[in-house]
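Student: quick check, what structure comes out for this input:
(chains A and B)
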Number of protein chains: 2
Amino acid sequence: MQLHNFNSGPSILPQEVLEQAAASIHNFNHTGLSILEIGHRTSWFVDVVTEAQQTIKRLMGLGDDYEVLFLQGGATMQFMQVPMNLLDENGLAAICDNGVWGNKAVKEASIFGPVKVVSDTSNQKHTYLNKQLEIPANATYLHITTNNTVEGTQWHQYPQTNALLVGDMSSDIFCRPTAFEKFDLIYAGAQKNMGAAGVTIVVVKKEILGKVNRKIPAILDYQKHIEAGSLLNTPPVFSIYVSLLTLRWIEQQGGLVEMGKRNQEKANLLYHTIDSTPTFYCPIAVEDRSIMNAVFFLTNPEHEAPFLELCKKHGMIGVKGYRTVGGIRVSMYNALPLSSVQAFCDLMKQFAASHA
Amino acid sequence: MQLHNFNSGPSILPQEVLEQAAASIHNFNHTGLSILEIGHRTSWFVDVVTEAQQTIKRLMGLGDDYEVLFLQGGATMQFMQVPMNLLDENGLAAICDNGVWGNKAVKEASIFGPVKVVSDTSNQKHTYLNKQLEIPANATYLHITTNNTVEGTQWHQYPQTNALLVGDMSSDIFCRPTAFEKFDLIYAGAQKNMGAAGVTIVVVKKEILGKVNRKIPAILDYQKHIEAGSLLNTPPVFSIYVSLLTLRWIEQQGGLVEMGKRNQEKANLLYHTIDSTPTFYCPIAVEDRSIMNAVFFLTNPEHEAPFLELCKKHGMIGVKGYRTVGGIRVSMYNALPLSSVQAFCDLMKQFAASHA
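Tutor: Next comes the predicted model:
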């Protein structure tokens, strides 16, 4: 049976990337050694890091005022590492709480300095984005989650602010051309659009660092990582390599323009099917719907279990909604082919016909 | 040409582990999905974590008063995470500075509370271990680096202390049967004896946690990781799986008794060759020599470059000494076969004969 991988992350990767990753475990780049056995300070691996950094900057269209780091610990580490490096008692973090991840960012930042929640959409179960933000004039930075993986919303235009702009792009990085240059710090776990679990990229404007009044442990200090060329200590070698393979794949396919075209097409097909099939409904404000993660429900809640059962029977992986949200969630990351969304939509219609 | 991988880490892995790891990238455990594409909360992956935790406890002979965590950031993260969780202004960290890594542990702990360096062997270039430690009665914990990867020393008997005992076992974990039960907290980056880079194990006695007076960010809080079954957020899935494969291999080969036998045999052969060949000398106190990393020199410093050139020509990888130490370093982790050490010793003798 053909499987269709709608996992929310870790998630589907391009077949070419998987093949190259597996080959590198046998013999990395004709070295005769496995990628798992090479030293991280060899020129072989320094070349991997350098190419990955350059590719990220090229895809983002950013210049030398930004640095690219490969860190560990996922977005959850960044929830504390960002304020540890940028926020102290003299500053203020303005944070949008539009769901599970933004909420965690609020909690962790509170350990390091004053926080103001400038948007809290929980009153409507996070089914929309509040774009009328009142950002205090003394805010050090504004933090947004550019795509809310759990709730199914996505910023399609970024908010204007005089504060620094920080973006958690974990679940929509490189999904389309976007205004990366508006951000002073971007972070993203790799395991959705950019590779396998185990590495987190941080893209940071150098000039914003070194302003807080606090001793920062070396491993959590962006400046120390920059000085060490992202090789402060043993990095997650294999995960960085899989990210490089995925970044190369993005460029080979036509870059962010092509990714955006494909992702929009997949999302259009799925949302059209939901909206035109009364058996299903999507509560997310149309203008805020995510092209990465579609969150929707069965109109009759009793139909949810049999629909999920049908999905399972047809090899549709990872379509059960997040545990606190329920319903259905279909993740459509870069590597997911249109044919998988088509197969899923056909199944929705088949289910609707028999459960009208 | 056959390669001999003496890398200090990331380092050689068993061939069976590499083959299974590569196969899992194509099809993990007959799921039809790649290990890089499966959700970390699936029963498939929870089984991986559980088996890895159980195997570690079995190899260590530890009971339910200990928890096993799979974290990220390497030993460098633990240099700050240990004191963040165990040390505050009311406590005292007693730390042995026997080289590069112990020294970093001292620096990071100092951010969180009082530190006393109870051993500093820099006066003799860290070529021995001082075992006469004066540990203050009020010390919260004593921290030792059980094997000094850079300097080539290893604790063969652990120090006695009334304080908690914390061990950085990054470079000698599972190299032989040892008194794991003497420790209250053990940590180790996986990339030497226990797998690939990208995951760090922490084995901690539960009762020692929760005593410090500080707000700990979730991702750095051992207790939060324990509560979440080591799945607080997306873990480094593939690296954990490679660790499981390596742990299984250790047990299948005969466990720590067999590892110890093999490692001792390799170390005996190499040190005997050094000591009996005047072209080479090892400055490390005989009783403190590491069975994992042998650090030694050419008696005539001018012979170093040609010897390294000869090594390169014969496929001997990773034998150049650490940049601050110089000389030769031969790492002989669990997966390194005796035949590689034999080939290296033959080359030493060949070189000695032509450079007497």
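Student: ranges for the strands of the stretch 151-300 of chain A?
Tutor: A:153-154, A:164-168, A:185-189, A:200-205, A:280-281, A:293-298 (DSSP state E, counting those that start in this stretch).
Student: okay, the ones you listed, which one's buried deepest?
Tutor: strand A:185-189 (a mean of 26; mean count of other CB atoms under 10 Å in any protein chain shown). Where you see a C-beta, it was placed from the backbone N, CA and C, and this is true even at glycine.
Student: list the contacts of that strand.
Tutor: A:9, A:60, A:74-75, A:78, A:82, A:86, A:141, A:164-170, A:173, A:180, A:194, A:197, A:199-205, A:208, B:234 (CB atoms under 8 Å, 6 or more residues apart in numbering or on different chains).
Student: and A:Glu309, that one's in a strand?
Tutor: No: using DSSP: H, G, I helix; E, B strand; the rest coil, the assignment for A:Glu309 is helix, not a strand.
Student: from chain B, how far off is it?
Tutor: According to CB to the nearest CB, to the nearest Å, A:Glu309 stands 17 Å off from chain B.
Student: okay if I get the strands of the stretch 151-300 of chain A as JSON lines plus mean pLDDT?
Tutor: Formatted as JSON lines, the strands of the stretch 151-300 of chain A follow (pLDDT from 0 to 100):
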{"stretch": "strand A:153-154", "mean pLDDT": "98"}
{"stretch": "strand A:164-168", "mean pLDDT": "98"}
{"stretch": "strand A:185-189", "mean pLDDT": "98"}
{"stretch": "strand A:200-205", "mean pLDDT": "98"}
{"stretch": "strand A:280-281", "mean pLDDT": "98"}
{"stretch": "strand A:293-298", "mean pLDDT": "98"}
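Student: dump the ones you listed into CSV; add distance to B:Glu258 as well.
Tutor: As requested, these are exported to CSV (distance: least, CB to CB, whole Å):
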stretch, distance to B:Glu258
strand A:153-154, 54
strand A:164-168, 47
strand A:185-189, 39
strand A:200-205, 38
strand A:280-281, 58
strand A:293-298, 49
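Student: longest helix of chain A?
Tutor: The residue-count maximum for a helix in chain A (DSSP state H) belongs to helix A:255-275.
Student: by contact count, what packs against that one?
Tutor: helix A:237-253, strand A:280-281, strand A:293-298, helix A:338-354 (3 or more CB pairs under 8 Å, 6 or more residues apart in numbering or on different chains; DSSP states H and E).
Student: just the angle between the third one and helix A:338-354, please?
Tutor: I take that to be strand A:293-298. For strand A:293-298 against helix A:338-354, the angle between stretch directions is 10 degrees (axes from the mean of the first three to the mean of the last three CA atoms, to 10 degrees).
Student: which ones are touching the nearest residue to A:Gly260 once chain neighbours are set aside?
Tutor: Leaving aside its sequence neighbours, A:Gly260 sits nearest to A:Arg176 (CB to CB, 6 or more residues apart in numbering or on different chains; 2.9 Å). A:Arg176 makes contact with A:Leu256, A:Val257, A:Met259, A:Gly260, A:Asn263, A:Gln264, A:Ile291, according to CB under 8 Å, 6+ apart.
Student: and with 10 Å instead?
Tutor: Shown in contact with A:Arg176 (CB atoms under 10 Å, 6 or more residues apart in numbering or on different chains): A:156, A:256-264, A:291-292, A:334.
Student: most surrounded residue in the residues you listed?
Tutor: A:Met292 (30 neighbours; other CB atoms under 10 Å in any protein chain shown).
Student: correct me, but it touches A:Thr149?
Tutor: Yes: with contact defined as CB atoms under 10 Å, A:Met292 reaches A:Thr149; the gap is 7.3 Å.
Student: what do those two both touch?
Tutor: Here A:Met292 and A:Thr149 have A:Ser8, A:Gly9, A:Ser171, A:Asp172, A:Lys192, A:Ser331 as joint contacts, going by CB under 10 Å, 6+ apart.
Student: hmm, back to that, how about the helices and strands packed on helix A:255-275, which one is nearest A:Thr324?
Tutor: strand A:293-298 (11.5 Å; CB to CB).
Student: hmm, back to that, the strands of the stretch 151-300 of chain A: which one's closest to A:Ala137?
Tutor: The nearest among the strands of the stretch 151-300 of chain A, by CB to CB, is strand A:164-168 at 13.5 Å.
Student: the closest one packs against which elements?
Tutor: Strand A:164-168 is packed against helix A:74-86, strand A:93-97, helix A:100-109, strand A:141-145, strand A:147-148, strand A:185-189, strand A:200-205, with contacts defined by 3 or more CB pairs under 10 Å, 6 or more residues apart in numbering or on different chains; DSSP states H and E.
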